[in-house]
Structure formats: C-alpha cells, structure tokens
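Participant: Make a model of this:
(one chain, ligands or ions: 1)
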Amino acid sequence: MAWLVTGGAGYIGAHVVRAFASADIDTVVLDNLSSGHREFVPDGIPFVEASITDSVALARLFADYSIDGVVHLAGYKYAGESVSLPLVTYDQNVTGTARLLEAMANAGLSRIVFSSSAAVYGTPSVDVVTESTPTSPQSPYGETKLIGEWLMRDQGVATGLAHTSLRYFNVVGSGSDDVYDTSPHNLFPLIFEALVDGRTPKIFGNDYPTPDGTCVRDYVHVADIADAHVGAARALMAGTALEPVYNLGSGSGTSVGAIMSSVADVTGIRFDPEIHPRRPGDPSRIVADGQAASRDIGWAQRHTVESMVASAWSARQAHA
Ligand code: UFG
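Facilitator: I've put the predicted structure just below:
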C-alpha cells in the first residue's frame, strides 16, 4: 500500500515524498510537470505524469496502484499571478480537487491531507492568527484554497472522507541539495537568482508599519512542513479524528530586511538591497500560531531562519 502525493515533483511535494520514505511509507507521485521537475522524484518512486483535472488518468492510477490515502498538493500556487489568471486557478485548484475527490470516492479511498495556505486569511487584523481567525482571501489563489478546504469538509459529510487541511505559511529552505525552490515569484528564489546573476536583491516596500518598515512573514522550513504531512497521514491511518484545518506556522515573524541580512551573512556576499515600491496585495505582517498542529500531528519548527537560508542557498548553488 502507498500514499499518492499529487504535485509530488514540486518543491514541497518532493520533500513530502522524502519524508514519507524516511517514515517507511511508500508513495506514488502524480504530477503534470507544469511547475514540478521529474528529477525531483527519487528513483524507485512510481511516477504518473498527468493532471488532477484528468479523470481518466486518475481512475487508471487508482486501478493500477493500491493506495491508502492521498496527500494533495497539486495546484496553481502563485497568489499574485492568480489575480490575472482566475480561470486557470479555479480550474486547477477547484475543478482539479473536485475531480480528485470524485476519483477517490469511485475507488473507495477515504483519507486525504490537503495542502492549503496562509492566503486564506488575506490581511489579518491580529498579530498572530489561529485557526479560528476569520478567513478573508485576497486573491483567486486564496479563494480556491479555501474552497478546497470546503470541498474536503463537504465530502467528509457526504461520504465519511477522513481529511485535514494544512495551511502553510512561508515555506523556505531545502531538506537536501537535490531539491530547491524554483518559484519565479517568491522571496528566497528571487534573492538567489539576483545574487547568482550579479544583480542586487529587491525589497518591495520599506514603509510598512513594522519595526524595520519591511513586511513580516512566518518562515517555516520545508522539511518540517513535510514531516507534518507524515504526522497527519499517520493520524488518519490510525483513525484519529483531526481538526479540519491546521496552521503550519511558528508563531514568530521575520522581516524581509532581516532575511536579506541573513542571506548576506550566509552567502558572504555583501549587498544593500534595492528598495522598490510595495508589491500590490502584500499584507504587512502575517504570523501564525501552530500549537494545534503541534498537539495533533507532531508539527514542530525544528530549524532557525539561518538554517533555512543556509540550506536554501546550498541547494540553489548545487543547481547553479
Ligand atoms: N519580497 C521582496 N522582494 C522580492 C520578493 C518578495 O521584498 O524579491 C517580499 C514580498 O513583498 C513579501 C515577502 O518578501 O513581503 C515574502 O514574499 P513571498 O512572495 O516569498 O511570499 P508571500 O508572503 O507573498 O506568499 C506566501 C506564499 C503564497 C501564499 C502567501 C499567503 O508564497 O503561496 O504566502 O500569504 F499565498
């Protein structure tokens, strides 16, 4: 028996596959390689190249492999870009998730761990969000992640599907040098691309109401995020009731300015970031309480910001 990891060739999914392997749980990967990389999937892991919107491919996969449960990460993941691509975002994240749930129901599969996002909160009015902080997504991406959570809940009511949704905060770092964040839109990869190309990294806005004027985020290490999926899968396999949603946040925030300083320290490259105007839609601060996830699925922030920067840089350099 194995767990299916949709999006398992992506940066986070590839770490989930490695975490399951470390826990002696077999996986099968489904990915359409739109943003994932075939080489991120370790040798020996069955790989199916298909979209979650492809019902025929899903039915075939569930017929071909004996699957215990699903970790569902596949989807369109760029919050800012989703504003100009709402239909693509809804197709991948809502239609795709509905098709996956339908195929699971047809195959008699009843466990799922869903990849959700801090984006469901939009700009929170509290310093530290908990799972009961009201949701208020500000982008099609955030909307579709919230709808995904609702699909889990509704399918749970309708069919007894055992589910939980993990709201990731800012996922960074690398658990091993063979996988790195290839996103063209996020802070860490953009800083590294600039440094590798001999350009100066940019800060989008230094006039926010934060201690150093730059945005504050809750950075979490991708290997810790991946381990939480193992905890969730194990709980579902044991029949333990889980909350419908968990924040995977550390409770502490780091500014973009502090990340830049840490990058300079870790890389030994001295630079004064270029200050650019605010990026539209950025909340000044978003930090989450992860205590519920610690209690129920063994979530823990085991890494410092410095080790997140160092591991991310090491993996990026390995692919230079
Ligand atoms: N930033 C810069 N310079 C850059 C890139 C980013 O200053 O070159 C800043 C952004 O303005 C923001 C911070 O760095 O203040 C973090 O930006 P990211 O794009 O890395 O991350 P976000 O906080 O915007 O987005 C993350 C996830 C999304 C999720 C969102 C929810 O990447 O998937 O959190 O809040 F939707």
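Participant: What about the residue lying closest to Arg18 once chain neighbours are set aside, how many residues nearby?
Facilitator: Closest residue to Arg18 apart from its sequence neighbours, by CB to CB, 6 or more residues apart in numbering: Gly175 at 6.2 Å. Just so you know, the C-beta spots here come from the backbone N, C-alpha and C atoms, and that holds for glycine as well. Using other CB atoms under 10 Å, Gly175 has 21 other residues around it.
Participant: same check, this time on the one 3 residues further on
Facilitator: Counted with other CB under 10 Å, the burial measure for Asp178 works out to 14 neighbours.
Participant: Over to the residue nearest to Arg18. Which of the three states is it?
Facilitator: What DSSP: H, G, I helix; E, B strand; the rest coil gives for Gly175 is coil.
Participant: residue contacts, it?
Facilitator: His15, Arg18, Ala19, His221, Val222, Ala223, Ala226, Ser311 (CB atoms under 8 Å, 6 or more residues apart in numbering).
Participant: Quick one: which of these is the most crowded by neighbours?
Facilitator: Counting neighbours by other CB under 10 Å, the top entry in the contacts of Gly175 is Val222, with 28 neighbours.
Participant: and it, what does it touch?
Facilitator: Tyr11, Ile12, His15, Val171, Val172, Gly173, Ser174, Gly175, Asp181.
Participant: again with Tyr168
Facilitator: Here Tyr168 is in contact with Ile12, Ser115, Ser116, Ser117, Ala118, Val220, Ile225, Leu248 (CB under 8 Å, 6+ apart).
Participant: my guess is the fourth one contacts Gly142, does it?
Facilitator: Yes. In terms of CB atoms under 8 Å, Ser117 counts as a neighbour of Gly142; the distance is 6.6 Å.
Participant: What is the longest helix of this protein by residue count?
Facilitator: helix 140-159 (DSSP state H).
Participant: Which parts of that helix count as buried, going by neighbours?
Facilitator: 140-149, 151-152, 155-156 (16 or more other CB atoms under 10 Å).
Participant: Just put the residues you listed in TSV and tack on pLDDT.
Facilitator: Output for the buried residues of helix 140-159, formatted as TSV (pLDDT from 0 to 100):
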residue	pLDDT
Pro140	96
Tyr141	96
Gly142	96
Glu143	97
Thr144	98
Lys145	98
Leu146	98
Ile147	98
Gly148	98
Glu149	98
Leu151	98
Met152	98
Gln155	98
Gly156	98
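Participant: Next, format those residues as CSV and append distance to the ligand.
Facilitator: Listed next are these as CSV, based on distance: CB to the nearest ligand atom, whole Å:
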residue, distance to the ligand
Pro140, 11
Tyr141, 6
Gly142, 6
Glu143, 11
Thr144, 11
Lys145, 8
Leu146, 11
Ile147, 14
Gly148, 13
Glu149, 14
Leu151, 18
Met152, 18
Gln155, 23
Gly156, 24
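Participant: what two of these are the furthest from one another?
Facilitator: In terms of CB to CB, the buried residues of helix 140-159 reach their longest pairwise distance at Pro140 and Gly156, which sit 24.3 Å apart.
Participant: which secondary element of the protein has the worst mean pLDDT?
Facilitator: One helix or strand of the chain scores below all others by mean pLDDT, DSSP states H and E: helix 79-82, with a mean of 90.
Participant: who touches that one?
Facilitator: Helix 79-82 is touched from outside by 76, 88-89, 117, 119, 139-142, 144, 185, 279-281, with contacts defined as CB under 8 Å, 6+ apart.
Participant: Can you flag the buried ones in these?
Facilitator: Tyr76, Thr89, Ser117, Ala119, Ser139, Pro140, Tyr141, Gly142, Thr144.
Participant: wait, doesn't the last one sit right on Asp91?
Facilitator: What it means is Thr144. No. Between Thr144 and Asp91 there is no contact under CB under 8 Å: 9.4 Å.
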